[in-house]
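>>> Starting from these lines, generate the structure:
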Amino acid sequence: MITVGGDRWAPGGLHPRRVRLWVLALASGVLVLSGCSLHVTKHGVSGNAFGHNFSGATGELPAGFPSDVPLPDHSRVLAGGGTNNAWDVAFAVTGSQASETSAYQAKVQSAGYTISNVQTGSSPIAGGTGANSSPTTVSAAGSAFTAKNSQWTMEVVSAATSSQGTGLKPGEFAINITVVPASSTTSST
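The predicted structure follows:
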């Protein structure tokens, strides 16, 4: 047994908080050596690296996330990140996956977005190797849609998963939102 900062660890064990700190420390070192700017907060990091703006956060929206993009009701931010005016944020949403996703889609539409590419379904997704070296499979049932207004294009995916370790509490499902400038996407018509 190894003791680090008062926490006890089994040999080879990783604690998510420690991993996050090591990543931040490594990123800080690389950025300092490269002459880039970095701003570290309790929940994340943001700055400029090699001419690219970036941000990442856990438990809150990443720096620069557009304030005019609607957020799901009854939700909390799991994590998110962004670079060069594009963001990806995961939310944990409480309630029925079908009704809360429909409510979010309606909220986005009432905010002036055009909804397209609506899809629903379920499928097993082969995951990576778990901590005990056994393969994992995640069963996901959900939906996806695209929303676009004059400024932003959003790809929204909601899923109720049976996977452990997702950060979801009982009674929650995930909504992932990817936001990019509308000018960076093209129409497929």
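
>>> domain assignment for this structure?
Listed by automatic domain parsing, the domain ranges of the chain are 1-57, 66-189.

>>> in this structure, what spans have low per-residue confidence?
By pLDDT under 70, the weakly predicted segments of the chain are 1-54, 122-140, 161-166, 185-189.

>>> And the helices in it, which stretches?
16-34, 97-110 (DSSP state H).

>>> so how many other residues sit close to Val93?
By other C-beta atoms under 10 Å, 23 other residues sit near Val93. Placement of C-beta: from N, CA and C, glycine included.

>>> Equivalent analysis for the one 4 residues further on, please.
Neighbour count of Gln97, defined by other C-beta under 10 Å: 19.

>>> next one: Pro170
When neighbours are counted by other C-beta under 10 Å, Pro170 comes out with 5.

>>> OK, contacts around the closest residue to Glu155 other than its chain neighbours?
With sequence-adjacent residues excluded and distances taken as C-beta to C-beta, 6 or more residues apart in numbering, Glu155 is closest to Thr178, at 4.3 Å. By C-beta atoms under 8 Å, 6 or more residues apart in numbering, the contact list for Thr178 reads Ala86, Trp87, Asp88, Met154, Glu155, Val156.

>>> Of the residues you listed, select the buried ones using a PyMOL command.
To isolate the buried members of these in PyMOL, using 16 or more other C-beta atoms under 10 Å:
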select buried, resi 87+88+154+155+156
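
>>> from the contacts of Thr178, which single one is nearest Thr58?
Asp88 (13.2 Å; C-beta to C-beta).

>>> can you give me the end-to-end distance of stretch 79-95?
By C-alpha to C-alpha, to the nearest Å, the extent of stretch 79-95 from end to end equals 19 Å.

>>> Check stretch 109-119 too.
Length of stretch 109-119, first residue to last, C-alpha to C-alpha: 16 Å.

>>> which outside residues touch it?
Outside stretch 109-119, the residues that touch it by C-beta under 8 Å, 6+ apart are 68, 70, 105, 108, 143-149, 152, 154.
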